[in-house]
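Undergrad: need a 3D model of the following:
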Amino acid sequence: MSKQEKSNQTLIPFNSYQKFVIVLLTFFQFTIMLNFMVISPLGAILLSVLKITPSQFGFVVSCYALSAAVSGILIAGFADRFDRKKFLLLIYGGFLVGTLMCALAPSYGLFVIARCITGLFGGVIGAINLSIITDIFPLQSRGSAMGILSSANSAAMVLGIPIGIVLATKLNWHAPFFLITFIGLVAGIVTIIFLKPISGHKDLVKQDNPIGQVLKTVVNPRYLVGFSAIIFVTIGAFMLQPFSSAFMVNNLGVSLNTLPLVFLISGIVAMIAGPLLGRFADLFGKYRLFFIASIVSAGVIIWYTGLGSSPLWLVLLLNCLMAITNSGRMSATMALISAVPAPQDRGSYNSLSSSMQQLAGAIAAWVAGLVIVQSSTGQIFNINILGWVVVMATILTIVLMDRVNNLEKY
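TA: Predicted coordinates for the structure are as follows:
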């Protein structure tokens with residue numbers, strides 16, 4: 001734990017405006033993740049209605065992530081030049097336009113274009129949220145704020161699949177996107193009326209051209225430490241995810257009918273754990289939480305990836321433990337990382353960091369695909385090797401986050 005953090009262990013409660021801001025930003029984050037998550041249950045319907053192949057559906061999913069990665073780089077040079085409220089409304093408006101286009105798309109080609117537009121704008125909402133949190137919340141209470149924000153991702157994971165299935169079957173596959181557009185418009189109106197301007201950083205911004213701003217951010221040695229840390233945290237968090245369903249069904253003996261229950265329970269546990277662990281990070285030390293969660297996570301992953309056919313209670317227990325440790329790691333990580341960029345660089349830094357997270361997630365999935373082998377019976381092999389790769393990435397992040405923790409705080 002850094003000396004500065006030791007002196008800042010008194011928990012600072014949120015005032016009423018801060019509570020409003022964190023609820024609003026969490027709702028924004030929820031709609032972004034919900035937009036991404038509802039695609040999964042629509043797969044079978046889209047394959048039939050749009051007459052597309054599985055590979056074409058895979059491109060629908062990946063084009064969102066690729067667009068999100070590109071947008072972070074494109075926007076980084078401009079992110080600190082505007083009032084963050086206006087910038088958030090502009091970008092979120094683009095996201096809602098893309099979502100509405102998804103709802104109205106009559107063909108595969110137009111749906112792909114709509115997903116690219118949605119990803120282009122939606123991919124940087126998280127970065128803007130982080131910048132706003134860092135501007136409004138002192139470092140002593142950012143763990144709590146990040147913990148609450150992270151619960152939006154878990155909520156979207158829990159609700160995304162049932163919302164997608166119910167609306168698509170009761171109405172049609174366009175309905176989930178109409179719903180997200182409507183509730184997003186309501187959130188936008190609330191933001192226009194109640195969110196105060198956030199422009200104090202503008203006075204500190206030097207008038208570099210956008211490309212110069214990006215290059216200055218990328219080559220800053222201080223920022224490189226933060227970028228490296230977030231890349232390996234992301235790899236460690238998401239490398240096992242693409243094969244989790246197949247592993248549970250084909251190796252651990254979880255039935256397809258029971259699989260949603262596993263995700264539902266672990267998602268609810270993550271929703272509860274995020275805010276609690278964020279508060280713990282503020283009270284007892286952000287790096288301390290990250291270190292403990294990382295060590296426990298490594299042990300659970302080694303145990304989990306070495307399992308064969310197992311009772312459901314054990315599968316649930318280990319998935320819940322992984323959800324808890326992942327929530328703790330991510331809450332502590334984002335709180336520590338928030339102290340890396342100077343106020344005038346927060347927008348560009350967070351935008352580039354968001355792109356790196358997207359790319360790191362894609363690389364993690366690609367590497368996992370190279371390691372994993374599936375037999376003709378469906379059984380997954382080499383996932384234990386993948387588990388050790390994740391553990392090594394986790395150990396590296398402990399070292400990198402220690403360096404982040406000992407940087408001078410902003």
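
Undergrad: give me the low-pLDDT residue ranges for this structure?
TA: 1-11, 40-41, 43-44, 54-55, 161, 201-208, 242 (pLDDT under 70).

Undergrad: which residues of it fall in strands?
TA: For the chain, the strands defined by DSSP state E occupy 373-374, 380-381.

Undergrad: tell me who's in contact with the residue positioned nearest the centre of the chain.
TA: Central residue of the chain (C-alpha atoms, centre = their mean): residue 153, 6.5 Å from the mean position. Residues in contact with residue 153 (C-beta atoms under 8 Å, 6 or more residues apart in numbering) are 29, 33, 270. Every C-beta, even on glycine, is put in place using the N, C-alpha and C of the backbone.

Undergrad: apply 6 Å and report the result again.
TA: Residue 153 is in contact with residue 33, counting by C-beta atoms under 6 Å, 6 or more residues apart in numbering.

Undergrad: dump the strands of the chain to TSV, plus mean neighbour count.
TA: Below are the strands of the chain laid out as TSV (neighbours: other C-beta atoms under 10 Å):
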stretch	mean neighbour count
strand 373-374	12
strand 380-381	16
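
Undergrad: out of those strands, flag the one nearest residue 330.
TA: Of all these, it is strand 380-381 that lies closest to residue 330, at 25.5 Å by C-beta to C-beta.

Undergrad: can you list the strands that that closest one pairs with?
TA: Paired neighbours of strand 380-381 in the sheet (DSSP bridges): strand 373-374 (antiparallel).

Undergrad: contacts for the partner strand?
TA: For strand 373-374, contacts defined as C-beta under 6 Å, 6+ apart pick out 380-382.

Undergrad: again, but for stretch 382-390
TA: 236, 239, 247, 301-302, 305-306, 368, 371-373.

Undergrad: would you list the strands of the chain in TSV and tack on distance to residue 191?
TA: Formatted as TSV, the strands of the chain follow (distance: least, C-beta to C-beta, whole Å):
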stretch	distance to residue 191
strand 373-374	46
strand 380-381	44
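
Undergrad: out of those, the one nearest residue 332 is which?
TA: strand 380-381 (30.5 Å).

Undergrad: state which helix of the protein is the longest.
TA: Assignment by DSSP state H gives helix 142-170 as the longest helix of the chain.

Undergrad: measure residue 39 to residue 281 for me?
TA: 32 Å (C-beta to C-beta, to the nearest Å).

Undergrad: neighbour count winner among these two?
TA: The neighbour count for residue 39 versus residue 281, taken as other C-beta atoms under 10 Å, is higher for residue 281 (29 against 19).

Undergrad: so who does the residue nearest to that one when sequence neighbours are not counted touch?
TA: Spatially, and ignoring its direct neighbours in sequence, residue 281 is nearest to residue 143 (3.2 Å; C-beta to C-beta, 6 or more residues apart in numbering). Residue 143 is in contact with 278, 281-282, 286, 331, 335, counting by C-beta under 6 Å, 6+ apart.

Undergrad: hmm, 7 Å instead?
TA: For residue 143, the contact set (C-beta atoms under 7 Å, 6 or more residues apart in numbering) comprises 278-279, 281-282, 286, 331-332, 335.

Undergrad: again, but for residue 124
TA: Applying C-beta under 7 Å, 6+ apart to residue 124 gives the contacts 71-72, 75, 91, 351, 354.

Undergrad: for it, give its distance to residue 365.
TA: The value you get for residue 124 to residue 365, if C-beta to C-beta is used, is 21 Å.
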